[in-house]
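Engineer: fold the stuff below for me.
(one chain, ligands or ions: 1)
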Amino acid sequence: MQNEPLSIAHALEHAARFHGRVEIVTRQTENGSIHRYTYAEALRRTKQLANALQSIGVKSGDRVATMAWNTHRHLEAWYAIAGQGAICHTVNPRLFKQQIVYILNHAEDSVLLLDAAFVPQLEELWPQLTSLQQIIVMTDEEHQPQTTLPNVHCYEKLIADQSDEFTWPELDENTPSSLCYTSGTTGDPKGVLYTHRSNLLHSYAINSGEANGISGRDVVLMTVPMFHANSWGLAYSCPMAGAKLVLPGSQLDGNSVHSLIETEQVTFSAAVPTLWKMLFAHLDKQGGQLDSLRQVLIGGSAVPCSMIEKFEQRYNVHVVHAWGMTEANPTGTMCRLTNEVDSLSPAEKQKIRVKQGKPVFGVNLKIINDEGAELPHDGVTMGRLMIKGLWVMQRYYKAEFDAFDQDGWLDTGDIATIDPYGYMQITDRAKDLIKSGGEWISSVELENIATGHPEVILAAVIGIHDETWQERPLLIVQSATDSNVTGQQILDFMTGKVAKWWLPDHVEFVSEIPLTAAGKINKKALREWYSNRLA
Ligand code: ADP
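Structural biologist: All right, here's what the predicted structure looks like:
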């Protein structure tokens, strides 16, 4: 057999050559207007950018950062940087300032490509940045902002005179292609360095029918930001499949997302539950359907049962629940019903639908106890979730030691069960698990049930100190703005749906539950808020 190395550039080359007229549609960050072009044009401009980057001194192995929303220019940057053998470092602009400074300095990025809107943010950070030498603002000359930053280029001007001929170097498939830092809820952010091999194997796997099942008939709205967890692999898997791509720019509110779904006839999308909540809030208020949408992938945090039901019963959209982490490129599991479980009762099937699912072939999972012994797949026993596989990280960027154990298993930091059918369910993050009277209570499950109450927008459960039980769950609720729902009414709604001793003793209401940069509930901030309240 031929032994051609796996290479990211080949994904875009393939799309341009065999799906050349398929569109990439962007809502532009400058003014919200729509930009359209094709995979063939995207490849041409990507090659111009590859030449431009070399003309300003970028070399193989250099880290080139991006700080940008999902746009056609950001996509070009991903391919131009990795394709030429440099490393595309996606920086999350919503992180705290000190985290952004840490990440840019730690990665020793030499060039940064950023959206015009982030220029003031960068100006503020500039005195603390130690490695950046050149800045490329991803816009045209008309929208190029005035700035005090040194060595600034305008993207469109920089690529305009460049040749659209560029020969991708033959890279070893284990060459690093991209770098993504986890948001680091504990300690400093940690970098995960992906390779051409890990990215392409991951993309093949997530395009399969057992996973996303994306094909050339799909129109994919890529809502997961390209600066978060490798945009769940879609920036590679969609060109590989020849799917039309829709890039929403910075506008991720319910109205903007819905209008793109309608006008572009989107068939597939992927996002965290909070984004879908915003879409539902918009649809509940304004009305509207999701006629073109056939499937959504939901992950990043647990999907409430009520969300699956609403998508499927009200809008006829199939939901696939998925679990992953930055350290795993990021996909670990996807939840689809197999023939074996299809004959179960509707209630049993619904219990499986909210699980995180089975591992996609290429990764392996096990659960272990504190002594490292493997635990049974009985759907009840909770243990630390361990992962290994073709696209699972070995060592954090620049770390001295490997992150996995001697047998190659990486501790995910999650607590999970695996049932006899092979479905994994996350019961908590190890650090969020509530230990009450020596027994574990799953905060995720309580949140899931509370969110099913029609007047609850978001629910979070944290463990609080208790003299008798060591810890007890506290439910914190953000209710609908016009709601008068009481804590007791929510607890009544939850009664009977979990063991009695799991029920929270108190419910607190907040006007807004804080979210992390990735749109997940920020439990660290909630714990601080609660302890300040007690003080
Ligand atoms: P971070 O949130 O730490 O920046 P990631 O985005 O990589 O980094 O998050 C990975 C973590 O998110 C997982 O370890 C798990 O705790 C949580 N997670 C991801 N998907 C799900 C899901 N479907 N259900 C519950 N938790 C999830």
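
Engineer: pretty sure residue 92 is touching residue 226, no?
Structural biologist: No. Taking contacts as CB atoms under 8 Å, residue 92 lies outside contact range of residue 226: 9.9 Å. Glycine gets a C-beta too; all of them are placed from N, C-alpha and C.

Engineer: and the two? Which one has more around it.
Structural biologist: More crowded of residue 92 and residue 226, by other CB atoms under 10 Å: residue 226, with 26 against 22.

Engineer: where does the stretch 51-200 of the chain dip in pLDDT?
Structural biologist: Residue ranges of the stretch 51-200 of the chain with pLDDT under 70: 184-186.

Engineer: now it against the ligand: closest residue?
Structural biologist: For the stretch 51-200 of the chain and the ligand, the shortest gap (CB to the nearest ligand atom) falls at residue 183, measuring 3.5 Å.

Engineer: which ones are touching that residue?
Structural biologist: 92, 95, 99, 189, 516, 517, 518 (CB atoms under 8 Å, 6 or more residues apart in numbering).

Engineer: rerun that using 6 Å as the cut-off
Structural biologist: By CB atoms under 6 Å, 6 or more residues apart in numbering, the contact set of residue 183 is 516, 517, 518.

Engineer: quick one: pLDDT of the second one?
Structural biologist: In this case it means residue 517. Listed pLDDT for residue 517 reads 77.

Engineer: isn't it right up against residue 95?
Structural biologist: Yes. Taking CB atoms under 6 Å as the definition, residue 517 is a contact partner of residue 95 at 5.1 Å.

Engineer: the more surrounded of the two?
Structural biologist: residue 95 (21 against 16).

Engineer: isn't that one right up against residue 228?
Structural biologist: No. Using CB under 6 Å, residue 95 makes no contact with residue 228, being 10.3 Å away.

Engineer: which of the contacts of residue 183 lies closest to the ligand?
Structural biologist: residue 518 (5.0 Å).

Engineer: for that closest one, which three-state class applies?
Structural biologist: coil (DSSP: H, G, I helix; E, B strand; the rest coil).

Engineer: what about it, neighbour count?
Structural biologist: Neighbour tally, residue 518, other CB under 10 Å: 21.

Engineer: not counting its neighbours along the chain, what's nearest it?
Structural biologist: residue 228 (5.3 Å; CB to CB, 6 or more residues apart in numbering).

Engineer: surely the one you found and residue 519 touch.
Structural biologist: No. Using CB under 6 Å, residue 228 makes no contact with residue 519, being 8.3 Å away.

Engineer: now the helix or strand that contains residue 489: average pLDDT?
Structural biologist: Here residue 489 sits within helix 487-494, counting by DSSP states H and E. Averaged over helix 487-494, pLDDT sits at 96.

Engineer: neighbouring contacts of it?
Structural biologist: 449, 453, 507.

Engineer: what about the residue of the stretch 51-200 of the chain closest to the ligand, which SS state?
Structural biologist: Residue 183 - assigned by three-state DSSP - is coil.

Engineer: burial check on residue 416, number of neighbours?
Structural biologist: 25.

Engineer: this completes my enquiry, with thanks.
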